[in-house]
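Peer 1: no sequence on this one, just coordinates:
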Ligand SMILES: *Cc1c(COP(=O)(O)O)cnc(C)c1O
């Protein structure tokens with residue numbers, strides 16, 4: 001079946017034949033007799049027991065995402081951070097070394113550098129694009145390598161296959177946060193990565209109505225994680241959210257296609273605009289990591305970052321003057337979202353440190369939606385002048 005058809009497909013309802021799968025809004029499941037309950041707990045009967053241990057609506061979502069990421073399994077969590085922290089707690093133990101990229105989502109960076117350290121995991125942060133820069137940091141205790149590509153908010157890329165190859169040679173697990181592209185535009189598992197994590201809050205949901213997270217991998221990783229992490233840590237996705245997410249996913253390809261088309265047009269126009277100093281967008285020929293993009297992405301995505309002339313004040317002025325674009329953090333919504341990292345998401349980081357990471361005072365992060373591109377451009381142009 002074609003990938004786009006897999007996105008849209010719904011599973012047949014075995015109950016009453018409803019076209020859209022029902023929501024199993026229940027905390028627990030009834031056993032017909034003691035033997036059935038015993039068999040389910042023993043694992044010899046695959047029926048459901050209690051929603052923290054598994055729920056039909058959540059399971060259906062997990063199966064769809066696994067299919068879209070070319071994996072055997074998937075675990076759904078209550079947020080992207082629950083998925084990321086659960087995954088790392090599941091694969092690491094005291095004494096292990098974790099190598100992570102320096103450019104990480106803020107909460108991931110804080111969890112790795114504060115919480116994981118507290119539990120005796122040695123953390124090494126490295127800025128890398130390929131395996132070459134990583135290799136010197138690998139030790140006998142390196143258990144996992146963690147990164148995002150494209151990264152937040154500068155959209156710089158990591159060569160996924162080169163890192164996966166190096167990790168495999170050394171028996172190291174690899175984890176990629178694939179939130180910025182979604183499974184429609186990038187499939188790290190096909191390039192040799194072991195685990196993919198998603199904030200499903202973003203492109204997968206697409207409609208800004210839920211918070212959710214996913215861990216996707218093959219069963220030798222997913223099965224123990226389901227039994228230990230998901231069941232005992234308990235940050236599971238609710239059946240209602242799983243159902244909403246499932247329905248959101250069914251338009252993933254057309255949402256991504258339209259957002260991406262819009263983003264290409266806007267990035268090219270922004271690059272020529274007199275008020276703009278620099279545009280970061282993987283789809284521009286001027287983009288520094290263009291070569292890596294060609295190797296591993298099916299498209300540039302729909303996130304653009306750009307630097308306005310006039311620094312902090314100009315960034316703030318732009319934010320306060322847009323009308324169609326919504327001033328909000330998050331991304332991947334059908335509506336265009338705009339935010340100013342220096343005054344918002346990255347304001348707690350000292351200016352000097354921000355700038356070393358490429359987060360200039362005039363940097364604006366732009367999540368392009370599916371509106372008419374001319375309306376978005378008119379709004380931006382008016383706000384820029
Ligand atoms: C939003 C985001 C997260 C965190 O996800 P939540 O659903 O907000 O917990 C992690 N990684 C990236 C890249 C994100 O954009």
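Peer 2: Sure thing, it's come through. Computed from a prediction, not measured in an experiment: that's the story for all the values here.
Peer 1: in stretch 228-247, which residues are buried?
Peer 2: 229-230, 233, 235-239, 241-247 (16 or more other C-beta atoms under 10 Å). All C-beta spots, glycine's among them, are computed from the backbone N, C-alpha and C.
Peer 1: that one close to the ligand?
Peer 2: No: Stretch 228-247 stays clear of the ligand (C-beta under 6 Å from any ligand atom), getting no nearer than 10.1 Å.
Peer 1: now this structure against the ligand: closest residue?
Peer 2: Taking C-beta to the nearest ligand atom, the ligand has its nearest neighbour within the chain at residue 80, 2.2 Å off.
Peer 1: got the phi/psi numbers for the residue lying closest to that residue once chain neighbours are set aside?
Peer 2: Spatial nearest neighbour of residue 80, chain neighbours left out: residue 199 (2.7 Å); criterion: C-beta to C-beta, 6 or more residues apart in numbering. Torsion angles at residue 199 (phi, psi; degrees, to the nearest 10) stand at phi -90, psi 110.
Peer 1: hmm, back to that, return the member of the buried residues of stretch 228-247 nearest to residue 258.
Peer 2: Checking the buried residues of stretch 228-247 against residue 258 by C-beta to C-beta gives residue 247 as the nearest, at 17.9 Å.
Peer 1: which residues touch the closest one?
Peer 2: Neighbouring residues of residue 247 by C-beta atoms under 8 Å, 6 or more residues apart in numbering: residue 20.
Peer 1: give me the element it is part of.
Peer 2: In the assignment (DSSP states H and E), residue 247 maps to helix 239-249.
Peer 1: helix or strand right after that helix?
Peer 2: Using DSSP H and E, the first helix or strand after helix 239-249 is helix 252-272.
Peer 1: can you tell me the average pLDDT over the helix holding residue 247?
Peer 2: Average pLDDT, helix 239-249: 98.
Peer 1: could you do stretch 137-148 as well?
Peer 2: Rounded mean pLDDT across stretch 137-148 is 98.
Peer 1: give me the contacts around that stretch.
Peer 2: Under C-beta under 8 Å, 6+ apart, the answer for stretch 137-148 is 88, 91-93, 95-101, 103-105, 108, 112, 122, 124, 126, 128, 134, 158, 163, 166-167, 170, 172-177, 179-180.
Peer 1: could you rerun that using 6 Å?
Peer 2: 91-92, 96-101, 124, 126, 158, 167, 170, 172-175, 177 (C-beta atoms under 6 Å, 6 or more residues apart in numbering).
Peer 1: the lowest-mean-pLDDT helix or strand in the chain: which residues count as buried?
Peer 2: Every helix and strand of the chain was ranked by mean pLDDT, DSSP states H and E. The lowest is helix 351-356, at a mean of 87. For helix 351-356, the neighbour count (16+ other C-beta under 10 Å) marks residue 354 as buried.
Peer 1: again, but for stretch 66-85
Peer 2: Under 16+ other C-beta under 10 Å, the buried positions of stretch 66-85 are 66-69, 71-85.
Peer 1: what does stretch 354-371 give?
Peer 2: 354, 357-371.
Peer 1: how about stretch 332-343?
Peer 2: 332, 333, 335, 336, 337, 338, 339, 340, 341, 342.
Peer 1: equivalent analysis for stretch 95-103, please.
Peer 2: Of all the residues in stretch 95-103, those buried under the rule 16+ other C-beta under 10 Å are 96, 97, 98, 99, 100, 101, 103.
Peer 1: so what would you say the end-to-end distance of that stretch is?
Peer 2: 24 Å (C-alpha to C-alpha, to the nearest Å).
Peer 1: show me how far that stretch is from its chain's centre.
Peer 2: 18 Å (C-alpha atoms, centre = their mean, to the nearest Å).
Peer 1: now do stretch 229-238
Peer 2: Stretch 229-238 sits 19 Å away from the centroid of its parent chain (C-alpha atoms, centre = their mean).
Peer 1: tell me the secondary structure at residue 99.
Peer 2: strand (DSSP: H, G, I helix; E, B strand; the rest coil).
Peer 1: spatially nearest residue to residue 23 (excluding sequence neighbours)?
Peer 2: Ranked by C-beta to C-beta, 6+ apart and with sequence neighbours excluded, the top spatial neighbour of residue 23 is residue 243, at 4.5 Å.
Peer 1: that older thread, in the buried residues of stretch 332-343, find the pair that's most separated.
Peer 2: 335 and 342 (23.0 Å).
Peer 1: quick check: end-to-end length of stretch 301-317?
Peer 2: 26 Å.
Peer 1: before we move on, the earlier item: can you tell me how far the residue nearest to residue 80 is from residue 180?
Peer 2: Distance, residue 199 to residue 180, by C-beta to C-beta, to the nearest Å: 9 Å.
Peer 1: and the residue nearest to residue 267 when sequence neighbours are not counted, how many residues sit next to it?
Peer 2: With C-beta to C-beta, 6+ apart as the criterion, residue 267 has its nearest non-adjacent residue at 3.8 Å, and that residue is residue 281. The tally of other residues near residue 281 (other C-beta atoms under 10 Å) stands at 25.
Peer 1: quick revisit: check the buried residues of stretch 332-343 against the ligand, which are close?
Peer 2: Applying C-beta under 6 Å from any ligand atom to the buried residues of stretch 332-343, none is adjacent to the ligand.
Peer 1: out of the residues you listed, list just those in strands.
Peer 2: 337, 338, 339 (DSSP state E).
Peer 1: who's in contact with the last one?
Peer 2: Listed by C-beta under 6 Å, 6+ apart, the contact set of residue 339 reads 329, 365.
Peer 1: who's it bridged to?
Peer 2: Beta bridges link residue 339 to residue 365, judged by DSSP bridges.
Peer 1: returning to that earlier point: distance to residue 265 added to the ones in strands among the buried residues of stretch 332-343, as JSON lines?
Peer 2: Listed next are these as JSON lines, based on distance: C-beta to C-beta, whole Å:
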{"residue": "337", "distance to residue 265": "17"}
{"residue": "338", "distance to residue 265": "16"}
{"residue": "339", "distance to residue 265": "21"}
